[in-house]
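Engineer: predicted model, plus sequence, below.
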Amino acid sequence: MSTLSLQVEHALFGAELPQIHFDPMDRLLIAQSRIEGIPLVTNDALIRQYDVETIW
């Protein structure tokens, strides 16, 4: 198993996302998903409004 560290690039990207979802942790997850090309496993309707690949 490996972990994905939070990078400054992720935080900056998350801060620039459209103001659909206001939870800062979810915005970081969206940013990591987009930058790293990893889909998110979620059924959060707000997250699915972003241009991010989701599973569920």
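Structural biologist: Thanks, I have it.
Engineer: residues near residue 7, how many?
Structural biologist: 13 (other Cβ atoms under 10 Å). For every residue, glycine as well, the C-beta is placed using N, CA and C.
Engineer: oops, could you answer that again for residue 14 instead?
Structural biologist: Count around residue 14 with other Cβ under 10 Å applied: 21.
Engineer: and the helix ranked longest in the chain, average pLDDT?
Structural biologist: The longest helix of the chain (DSSP state H) is helix 24-36. In this model, helix 24-36 has an average pLDDT of 97.
Engineer: got the buried residues for that helix?
Structural biologist: Within helix 24-36, the residues scored as buried using 16 or more other Cβ atoms under 10 Å are 26, 27, 28, 29, 30, 31, 32, 33, 34.
Engineer: so the last one versus residue 48, what's the distance?
Structural biologist: What that stands for is residue 34. Note on residue 34: its distance to residue 48, by Cβ to Cβ, to the nearest Å, is 13 Å.
Engineer: again with the third one
Structural biologist: Spatial separation of residue 28 from residue 48 under the definition Cβ to Cβ is 17 Å.
Engineer: likewise for residue 39?
Structural biologist: To residue 48, residue 39 is 11 Å away according to Cβ to Cβ.
Engineer: anything in contact with each of the two?
Structural biologist: Shared contacts of residue 39 and residue 48 (Cβ atoms under 8 Å, 6 or more residues apart in numbering): residue 54.
Engineer: the more surrounded of those two?
Structural biologist: The neighbour comparison of residue 39 against residue 48 (other Cβ under 10 Å) goes to residue 48, with 15 against 11.
Engineer: pretty sure residue 48 contacts residue 33?
Structural biologist: No. Using Cβ atoms under 8 Å, residue 48 is not in contact with residue 33; the gap is 11.6 Å.
Engineer: can you show me the helices along the chain?
Structural biologist: 8-16, 24-36.
Engineer: tell me which of those lies nearest to residue 2.
Structural biologist: The closest approach between residue 2 and any of these, judged by Cβ to Cβ, belongs to helix 24-36 at 11.6 Å.
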